[in-house]
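A.B. asks: Just need the structure, nothing else, for what follows:
(chains A and B)
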Number of protein chains: 2
Amino acid sequence: MEKALKLYQETNQKLKAFYLVMFLHGWDSSTEAPHDAMEYRSKQLGVLSEMYYRISTDPAYEQAIETLYQNKDQLDSVLSHEVVERRKEIVKTKKIPVEEYVKYQELMTQAYQVYVDAKRSSNYELYKPYLLKVIDFKKKYLQWVKTSDMKGYNIFLDEFESGFSIAEYDLFFNTLKERLVPFAKAVSKLKSNYNKSFTKKSFSVDKQRIFANYLRDVFCFDPNRTVVKESEHPFTTNNGTSDVRITTHYHADNLQSAIFSAIHEMGHGLYELQVSKELDDTMSGSGASMAMHESQSRMMENMIGRSDVFWQRHYPKLLELFP
Amino acid sequence: MEKALKLYQETNQKLKAFYLVMFLHGWDSSTEAPHDAMEYRSKQLGVLSEMYYRISTDPAYEQAIETLYQNKDQLDSVLSHEVVERRKEIVKTKKIPVEEYVKYQELMTQAYQVYVDAKRSSNYELYKPYLLKVIDFKKKYLQWVKTSDMKGYNIFLDEFESGFSIAEYDLFFNTLKERLVPFAKAVSKLKSNYNKSFTKKSFSVDKQRIFANYLRDVFCFDPNRTVVKESEHPFTTNNGTSDVRITTHYHADNLQSAIFSAIHEMGHGLYELQVSKELDDTMSGSGASMAMHESQSRMMENMIGRSDVFWQRHYPKLLELFP
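C.D. replies: Residues are numbered from 1 along each chain as shown, chains lettered A, B, ... in the order given. Just a heads-up that it's a prediction; the model follows:
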């Protein structure tokens, strides 16, 4: 088992090294790469993704995982959890034909720039052929990885949040429909106590940036370990616990959008910043799941960012910038 | 030979894919990565550099290069030139012990951030231990790669400009010393016709940025294929011919510095932008050599950027910003 553990960890170091590539490429392509860069780059990423595929599906690696899995009672809790996850993943990845895997990576590299072009020119037709190819791949993917226990959309749901399927979500959303919808309708009929007319103005993007920087201090979003930048659609990304990055999108006609989006993304980011540094060397770092991540961002955005007490403290600063 | 050519080209695609990693990392680390990011990242780059080393020194690749080299009269001019260069490189790389190669990559990743810290705090002691390790590696490198024909500093000179050694440079610099130094001394004794007092003021960095953007238009530095940003020390980098990037460093007390540095770096960049797109798929793209590159940047900076006629056209724009 010692040999299996060594091979397992060495292979993981290689896989994690490739995460750096995807991290840097994703950040760069969304925030500043020049328009024409992606055609050439997509070939390079295709080659790298093939290397990644071959390392992550190497039979010796699979065998090592299997050995560890059989002995998982002897592993510490982090490792035994990891081995279960890795085993699940390798079984799936192996079912994707390598040439389809590579083609999909190349497609995704090129599609992002087209999405931005299409969004900016409000021209869906531009993006449509790319989207169709993405959907086509996803449909084939479902055929490749389906098992007797798991089929169709449940496969994606399980990838978002392990163990949750259509059955659980139907129960959840039906409860919401029954109880929350009537409540929300009743509330929205009440007369608002707030005067929202001030939100219908034009707001200097430069000043919005200053306020976003102010919020960065408020939320202790450590500048030595973070970057805050702009992109077409806001997102959070990270490379370990010492490099966490968020983006914002400023709208001159909407002051709230960037404020709450920045708090939301900082919520994701703060979660990553607080992951134990010890996990940086394992495959268990980063957020636990989509739901955990979204709970952190929503807590910051809604429970803190939209609270009265928060704005009692910070509204004066906003007024300074937008008198 | 067909088999050798196929293996040669497939391996090159892999090596070129790794260039993307170094391009993205170099750009990111010099222009915006957070301060604490490099420790974790240096391990990932270490792992990737080992993969790169093993691919670039693979015996099958070496054999393919040897086969092509023996038949280089049958290759087209691009390929036959390439094969000579690759052969020279693989012989050298193989002589570097892989663990030293990896350690050096990790060192360089960490050293850059320390260099910036040291420069900003004028604290050489901070950087000294890193610099000593770099020098130590370089000394060992000279021992590893020396041949009966090429030793010591000539090895580095040959890497900067193939075929030039201490003998050629001594001849060159002695000629300069004899002829140019007396001329320069004589000129510097003459009374200047120009009033330079206006350069001793404080210049808004925001306005300097506006002028740099203006210059970008003047030099047709195509925004769809380029990025202009800031870093501690200006440089140019590129990934193929469709992604060329330069940086500038603005000094509030020195207007000329950023202007001529931007023109200089655009000179490097324009050279890369004008490399034939067909070479993007070969190992022969990018500038021909250090001297060719520097000749392009200096031509733009000195012959164009410092000419009377250039400023007759563009001085009014500068005056608009700095009345």
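
A.B. asks: Can stretch A:20-34 be said to contact chain B?
C.D. replies: Yes - Stretch A:20-34 lies within reach of chain B by CB under 8 Å from any CB of the partner chain, at A:20, A:21, A:24, A:25, A:27, A:28, A:32, A:33, A:34. Placement of C-beta: from N, CA and C, glycine included.

A.B. asks: roughly how far is stretch A:67-77 from the heart of the chain?
C.D. replies: 29 Å (CA atoms, centre = their mean, to the nearest Å).

A.B. asks: CA-only coordinates of that stretch in CSV, if you can.
C.D. replies: Extracted in CSV, the C-alpha atoms of stretch A:67-77 (Å, rounded to 0.1, in the frame of the first residue of the first chain):
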residue,chain,number,x,y,z
THR,A,67,-5.5,-0.4,-3.7
LEU,A,68,-6.1,2.6,-1.5
TYR,A,69,-9.8,2.2,-1.8
GLN,A,70,-9.7,-1.4,-0.7
ASN,A,71,-7.7,-0.3,2.4
LYS,A,72,-9.5,3.0,3.0
ASP,A,73,-10.2,2.1,6.7
GLN,A,74,-6.5,2.4,7.3
LEU,A,75,-6.3,5.9,5.8
ASP,A,76,-6.8,9.2,7.6
SER,A,77,-10.1,10.9,7.1
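
A.B. asks: So for it, what gets flagged as buried?
C.D. replies: Using 16 or more other CB atoms under 10 Å in any protein chain shown as the test for burial, stretch A:67-77 gives A:67, A:68, A:75.

A.B. asks: Ok, stretch A:197-207 next?
C.D. replies: So, applying 16+ other CB under 10 Å, buried residues of stretch A:197-207: residue A:203.

A.B. asks: The stretch 151-300 of chain A: helices as residue ranges?
C.D. replies: With DSSP state H, counting those that start in this stretch, the ranges of helices along the stretch 151-300 of chain A come out as A:153-160, A:166-175, A:181-189, A:205-218, A:255-273, A:290-298.

A.B. asks: highest average neighbour count across those helices?
C.D. replies: Highest mean neighbour count among the helices of the stretch 151-300 of chain A (mean count of other CB atoms under 10 Å in any protein chain shown): helix A:255-273, with a mean of 22.

A.B. asks: returning to what we had before: redo the helices of the stretch 151-300 of chain A as TSV? Include mean pLDDT.
C.D. replies: Shown next, in TSV, are those (pLDDT from 0 to 100):
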stretch	mean pLDDT
helix A:153-160	94
helix A:166-175	95
helix A:181-189	91
helix A:205-218	96
helix A:255-273	95
helix A:290-298	93
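
A.B. asks: could you dump those helices to CSV with distance to chain B?
C.D. replies: As requested, the helices of the stretch 151-300 of chain A are exported to CSV (distance: least, CB to the nearest CB, whole Å):
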stretch, distance to chain B
helix A:153-160, 25
helix A:166-175, 36
helix A:181-189, 40
helix A:205-218, 10
helix A:255-273, 11
helix A:290-298, 20
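
A.B. asks: Looking at the ones you listed, which is nearest to residue B:257?
C.D. replies: In terms of CB to CB, the element of these nearest to residue B:257 is helix A:205-218, at 25.6 Å.

A.B. asks: Output the closest one as CSV - backbone C-alpha positions only.
C.D. replies: The C-alpha coordinates for helix A:205-218 follow below in CSV (Å, rounded to 0.1, in the frame of the first residue of the first chain):
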residue,chain,number,x,y,z
VAL,A,205,-17.8,53.6,-12.8
ASP,A,206,-14.5,55.1,-11.4
LYS,A,207,-16.3,55.9,-8.2
GLN,A,208,-18.0,52.5,-8.1
ARG,A,209,-14.4,51.0,-8.3
ILE,A,210,-13.4,53.2,-5.3
PHE,A,211,-16.4,51.8,-3.3
ALA,A,212,-15.5,48.3,-4.3
ASN,A,213,-12.0,48.8,-2.9
TYR,A,214,-13.5,50.2,0.3
LEU,A,215,-15.6,47.0,0.6
ARG,A,216,-12.5,44.9,0.0
ASP,A,217,-11.1,46.5,3.3
VAL,A,218,-14.5,46.0,5.1
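
A.B. asks: Please list the residues outside that helix that contact it.
C.D. replies: Here helix A:205-218 makes contact (CB atoms under 8 Å, 6 or more residues apart in numbering or on different chains) with A:223, A:226, A:228, A:248, A:250, A:252, A:255, A:258-259, A:262-263, A:266, A:314, A:317-318, A:321-322.

A.B. asks: picking up where we left off before, columns distance to residue B:130 on top of the helices of the stretch 151-300 of chain A, output as TSV?
C.D. replies: Shown next, in TSV, are those (distance: least, CB to CB, whole Å):
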stretch	distance to residue B:130
helix A:153-160	43
helix A:166-175	54
helix A:181-189	59
helix A:205-218	30
helix A:255-273	27
helix A:290-298	37
